[in-house]
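[1] Give me the fold of what follows.
(one chain, ligands or ions: 1)
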Amino acid sequence: MSATIEIDVALGERRYPIRIGAGLLDDGSWRDALHGRHALVVTDDRVAPLYLARVQGALGALTHAAIVLPAGETSKTLDATSAVLDALATLGASRDAAVIALGGGVIGDLAGFAAATWMRGVDFVQLPTTLLAMVDSSVGGKTGVNIAAGKNLVGAFHQPRAVYIDTATLATLPRREYAAGLAEVVKYGAIGDAAFFTWLEAHADALNAHDEDALVEAIAFSCRYKAGVVARDEREQGERALLNFGHTFGHAFETERGYGDLLHGEAVAIGMVLAASLSSRLGRAPAEDTERLLQLLSRFGLPVEPPRAEPDALLARMRLDKKNVSGRLRLILWRGIGKAEIVPDVDEAAVRAVLAAP
Ligand SMILES: NC(=O)c1ccc[n+]([C@@H]2O[C@H](COP(=O)([O-])OP(=O)(O)OC[C@H]3O[C@@H](n4cnc5c(N)ncnc54)[C@H](O)[C@@H]3O)[C@@H](O)[C@H]2O)c1
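    Residues are numbered from 1 along each chain as shown. Predicted structure coming up:
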């Protein structure tokens, strides 16, 4: 096994470690994060046949059970949360129980939300198995589910006790899901670190080839970046909102097209290009930077052209975004690579124009 990297999420008494290494699921070290008598593993039906037996095997004498949900965004519902809570009840889980999220962002968000609400909050541990969950969703404590009106509209802040990232699990991840994770990696460079963006341009081929060193470096950079933002602004009073670069556009496409059509990372890739392109049109950023972003995302095999959707319907979705204040469209735009900013009152006509003709 390669050396393990450890990153601290510095949140005072709720601080926790992120550990990154190949083979971490098998070495069972993640069990150190469990303190109670009961554990419920939440996973999905694609991940379960690959990794569930190893995880349950490591739980040994602990009273434990597993719940296996259908894979995909369509499972991120209140009904599925209810099923997880029922499984905790059946297990006889008390306040010292732990919920273990084994899977991608869907499982992490949902299991974390169930852990936040069971007996007003029990421990949870993230064992992310998609690149997107490793670099983004497993860190930072945003948990929740979708309802018909929009993505992630119901949820809670609930930090995990630990995040264990076993990079070996990426070997089984479908290529399209891997690329979707790279979209969030690109996001960190785009919003706050031009040097990392340039590093990604130089290492795009290595990342496409799953080169272990490049991969670990990209994951560690992303986790450090996100951990820093979360430690400074856990509840998204300011800086953390920058992590939503491309997301307001992306969520609108995801919701409008129906969950499950576009992958989240794909929607974010399209959304980042739209946010960059809007920034250029508003005279806030150089058009060449939009082009570099588009090129890098394309090299990772990500979509950069918005799918067909009615601009007014998309705008209506964007108005529902949690970042808006007093009915004004608040978007994350940029001044160029590495320089994202919150823009509180974006002209709707300009947004409609970029949606109609990106
Ligand atoms: N909480 C946050 O801060 C945050 C941040 C970003 C995204 N998200 C959420 O994350 C979700 C998307 O997460 P995702 O992209 O991981 O999707 P996902 O959880 O649906 O996983 C993608 C697919 O990959 C499969 N899979 C997972 N690991 C695998 C492996 N190792 N081998 C083979 N198949 C595997 C899953 O079964 C699923 O079919 C969205 O709901 C999004 O809103 C949350």
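[2] quick one: low-confidence parts of the stretch 251-358 of the chain?
    By pLDDT under 70, the weakly predicted segments of the stretch 251-358 of the chain are 258-260, 322-326.
[3] Can you name the residues of the stretch 1-150 of the chain that neighbour the ligand?
    Contact residues (CB under 6 Å from any ligand atom) of the stretch 1-150 of the chain with the ligand: 44, 46-47, 50, 71-73, 76, 103-107, 109, 129-130, 132-133, 136-137, 140, 142. (C-beta placed from N, C-alpha, C; glycine too.)
[4] ChimeraX command for the buried members of those residues?
    With 16 or more other CB atoms under 10 Å as the criterion, this ChimeraX line picks the buried residues out of those:
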select :44,46,47,71,73,76,103,104,105,106,107,109,129,130,132,133,136,137,140,142
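[5] how about the helices in the stretch 151-300 of the chain?
    Counting by DSSP state H, counting those that start in this stretch, residue ranges of the helices within the stretch 151-300 of the chain are 175-192, 194-208, 212-232, 247-257, 264-281, 287-299.
[6] which residues touch residue 296?
    Applying CB atoms under 8 Å, 6 or more residues apart in numbering, we find residue 296 in contact with 186, 197, 200, 201, 204.
[7] hmm, try it at 10 Å
    Applying CB atoms under 10 Å, 6 or more residues apart in numbering to residue 296 gives the contacts 182-183, 186, 189-190, 197-198, 200-201, 204, 269, 302, 304, 337.
[8] now those: which count as buried?
    Buried residues within these, counting neighbours by 16+ other CB under 10 Å: 182, 183, 186, 189, 190, 197, 200, 204, 269, 302, 304, 337.
[9] and of these, the nearest to the ligand?
    Distance ranking of the buried ones among the contacts of residue 296 against the ligand, using CB to the nearest ligand atom, places residue 183 first at 9.5 Å.
[10] Distance of the closest one relative to residue 267?
    9 Å (CB to CB, to the nearest Å).
[11] likewise residue 345?
    With CB to CB as the criterion, residue 345 and residue 267 are 24 Å apart.
[12] go on, residue 307?
    Relative to residue 267, residue 307 is positioned 9 Å away (CB to CB).
[13] Ok, residue 38 next?
    Relative to residue 267, and taking CB to CB, residue 38 is found at 36 Å.
[14] need the contact list for residue 82.
    Taking CB under 10 Å, 6+ apart, we find residue 82 in contact with residue 114.
[15] so who does the closest residue to residue 222 other than its chain neighbours touch?
    Of all residues not flanking residue 222 in the chain, residue 135 sits nearest, at 3.7 Å (CB to CB, 6 or more residues apart in numbering). Neighbouring residues of residue 135 by CB under 10 Å, 6+ apart: 128, 165, 181-185, 187-188, 218-223, 225-226, 265.
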